[in-house]
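Visitor: quick one, what's the 3D model for this:
(chains A and B)
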There are 2 protein chains.
Amino acid sequence: MAHFTHDTAPTRYAEAGGTRFAYRRFGIPGRPPLVSFQHFMGTLDDHDPALSDAFARDREVILFNNTGVASSSGTVPDTIEAMARDALTLFDALGLTTIDVVAHSMGGLIAQEVTLARPDLVRRLVLVGTGPRGGEGLGALPAWVAELFTRKYEQQEDMWLPILFAPTQTSQAAGRAYIDRILARPDRDTPVSDQSITAQRAALAAYGAVKDPSYAHLKGLRLPVLVVNGTEDIVIPTINSYVLQQFLPNAELILYPDANHGSHFQYPELFTRHTRIFLHG
Amino acid sequence: MAHFTHDTAPTRYAEAGGTRFAYRRFGIPGRPPLVSFQHFMGTLDDHDPALSDAFARDREVILFNNTGVASSSGTVPDTIEAMARDALTLFDALGLTTIDVVAHSMGGLIAQEVTLARPDLVRRLVLVGTGPRGGEGLGALPAWVAELFTRKYEQQEDMWLPILFAPTQTSQAAGRAYIDRILARPDRDTPVSDQSITAQRAALAAYGAVKDPSYAHLKGLRLPVLVVNGTEDIVIPTINSYVLQQFLPNAELILYPDANHGSHFQYPELFTRHTRIFLHG
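Guide: Below you'll find the predicted structure:
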């Protein structure tokens, strides 16, 4: 039997809770599936094939658009908690009972709320370029960073180069390779709507505004967590990754040099090696 | 040809600069040797056989007592910089021209100064449970931690249990396994002298007192560095590991959960896997 890859897996749809969810599922069944949670403004096409295909060697990988995002129907809600409920609606529809999660940026916030709501569902959690509820500078971008998300490019995917990668030659070259990888798939996902961008931005701001210097809610995340980031994350400052490690009951932290918000895309081989050690022991 | 292990390698001696240095060297020649730098009050016997033997599978490992420490002759100097010069005297006597380094605690401070003094000598540097010159709380132990270093035990090696491991059942059990490992070798190193303890303590205090919030000197450490620590290091606070990663030009950080100052002894298998990825790619 031929197995699908990141680039060949068909987009499939699941109807649940009034939403028609778009998702892709591929890889070798056996272990619990690895579900990947996408970042602000991201679609199915912004996941990195280098990561998906490395993980899919010995497990299933599931990529999905949450309610209202790109090719999924519906309206994006304006809280992270509601996004978590939407994601659970899909996971229940797919009959998932145990999953591992790799979640990036806003996806990391949603994944934390999914895990808090349903601790039995999530076995292990990998949080990349993200932070805790109420994290430092979370959802409150400096003007120069906010502006990066509004720029128009001849090839619009190039917007991610200054957002996800460091302003060094090495990091930008790795960024270019990432952009090439995400452009390889011929049939493209639907672009995100203005409604979804506005609602996601509001959700991020609200989630960042709930301050609790003791981060008491993180004690509810008792599963093993791997926190990953680059040296200088300009979107969700790197100190939030340190805070996650310090306040979570059972978390490992890995910070990569010369990297920004998309460190896992910059070091796909190293990240998948580290993550596979964390997930599989 | 039979190869020596951590427990069977004979203690050898090298005369240089007026000191008779005690060291052990074992493993498979080929790659640059891995030199291990010891912590405050540590002797040849406090290195972990689980780490040494894992690294010695495909390279030589060198353990050494610096000038004045345990079975090495001479007087321990009262600055980290002078300890670095002493270590270089030994390395030159051994004809070492390229080394990798794993350095713990005070050993991490010495290794940083060795590398600053001789950047061509050190290829890659692993810093465990340590911090930068002028680091936060470095050499200024809280009274309750300082007291741990003065306690007397029926089996004196047990002093390391509260110093190197977290006060949890899991960490203390890992600590007990470490103590058993370091006690396995029959012929024991000489205990450290009061002079060496006093001088090392003075050197730590002086090194911690040189404050520079910009940590400008760290820019001189241009080699790849792996920084490792436990969640809550009570000897050299964990924030110093984060600071090292943030201010070094090319550093990766790994923090382990449920761990204290001796996280590499707590997770010997995970630490050697991570470190071998870092050292060998």
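
Visitor: of all the residues in stretch A:175-190, which ones are buried?
Guide: A:Gly175, A:Tyr178, A:Ile179, A:Arg181, A:Ile182, A:Arg185, A:Asp189 (16 or more other C-beta atoms under 10 Å in any protein chain shown). Heads up, the C-betas are built off the backbone N, CA and C, glycines and all.

Visitor: ok, residues contacting it?
Guide: Residues from elsewhere that reach stretch A:175-190 (C-beta atoms under 8 Å, 6 or more residues apart in numbering or on different chains): A:6-7, A:11, A:22, A:43-50, A:65, A:70-71, A:155, A:157-158, A:160-161, A:164-165, A:262, A:265-266.

Visitor: quick check: strands, which of those residues are part of them?
Guide: A:Ala22 (DSSP state E).

Visitor: where does the closest residue to chain B within the stretch 51-200 of chain A land in three-state SS?
Guide: Distances between the stretch 51-200 of chain A and chain B by C-beta to the nearest C-beta are smallest at A:Thr170, namely 10.1 Å. Using DSSP: H, G, I helix; E, B strand; the rest coil, the structure places A:Thr170 in helix.

Visitor: so it touches A:Pro257, yeah?
Guide: No: using C-beta atoms under 8 Å, A:Thr170 is not in contact with A:Pro257, being 9.6 Å away.

Visitor: more crowded one of these two?
Guide: The residue with more neighbours, out of A:Thr170 and A:Pro257, is A:Pro257; 24 against 13, by other C-beta atoms under 10 Å in any protein chain shown.

Visitor: how much space between the residue nearest the centre of chain A and A:Val235?
Guide: Residue closest to the average C-alpha location in chain A (C-alpha atoms, centre = their mean): A:His104, at 2.7 Å. A:His104 sits 10 Å away from A:Val235, going by C-beta to C-beta, to the nearest Å.

Visitor: quick check: neighbours shared by these two?
Guide: A:Gly129.

Visitor: buried stuff in stretch A:121-130?
Guide: Buried-residue list, stretch A:121-130, by 16+ other C-beta under 10 Å: A:Leu121, A:Val122, A:Arg124, A:Leu125, A:Val126, A:Leu127, A:Val128, A:Gly129, A:Thr130.

Visitor: what is the mean pLDDT for it?
Guide: Mean pLDDT, stretch A:121-130: 98.

Visitor: close to chain B, is it?
Guide: No: if you take C-beta under 8 Å from any C-beta of the partner chain as the test, stretch A:121-130 misses chain B, and the best it gets is 12.7 Å.

Visitor: quickly list what the residue nearest to A:Tyr13 when sequence neighbours are not counted is bridged to.
Guide: Of all residues not flanking A:Tyr13 in the chain, A:Arg20 sits nearest, at 5.3 Å (C-beta to C-beta, 6 or more residues apart in numbering or on different chains). Beta-bridge partners recorded for A:Arg20 (DSSP bridges): A:Glu15.

Visitor: and A:Arg20, how many neighbours?
Guide: The tally of other residues near A:Arg20 (other C-beta under 10 Å) stands at 14.

Visitor: chain B contacts on chain A?
Guide: Checking chain A against chain B by C-beta under 8 Å from any C-beta, the hits are A:224, A:231, A:238, A:242, A:245-246, A:248-258, A:270, A:273-274, A:277.

Visitor: those in strands, which ones?
Guide: A:Ala251, A:Glu252, A:Leu253, A:Ile254, A:Leu255, A:Tyr256.

Visitor: please determine how far the third one is located from B:Gly230.
Guide: Distance, A:Leu253 to B:Gly230, by C-beta to C-beta: 11 Å.

Visitor: can you list residues touching both of these two?
Guide: In contact with both A:Leu253 and B:Gly230: B:Leu255, using C-beta under 8 Å, 6+ apart.

Visitor: leaving out sequence neighbours, find the closest residue to A:Leu94.
Guide: Counting by C-beta to C-beta, 6+ apart, A:Leu94 lies nearest to A:Ala14, which is 6.1 Å off, once chain neighbours are set aside.

Visitor: roughly how far is the longest helix seen in chain A from the heart of the chain?
Guide: Secondary structure of chain A per DSSP state H: the longest helix is helix A:194-209. Centroid separation between helix A:194-209 and its chain, computed with C-alpha atoms, centre = their mean, to the nearest Å, is 15 Å.

Visitor: same check on stretch A:231-242?
Guide: 15 Å.
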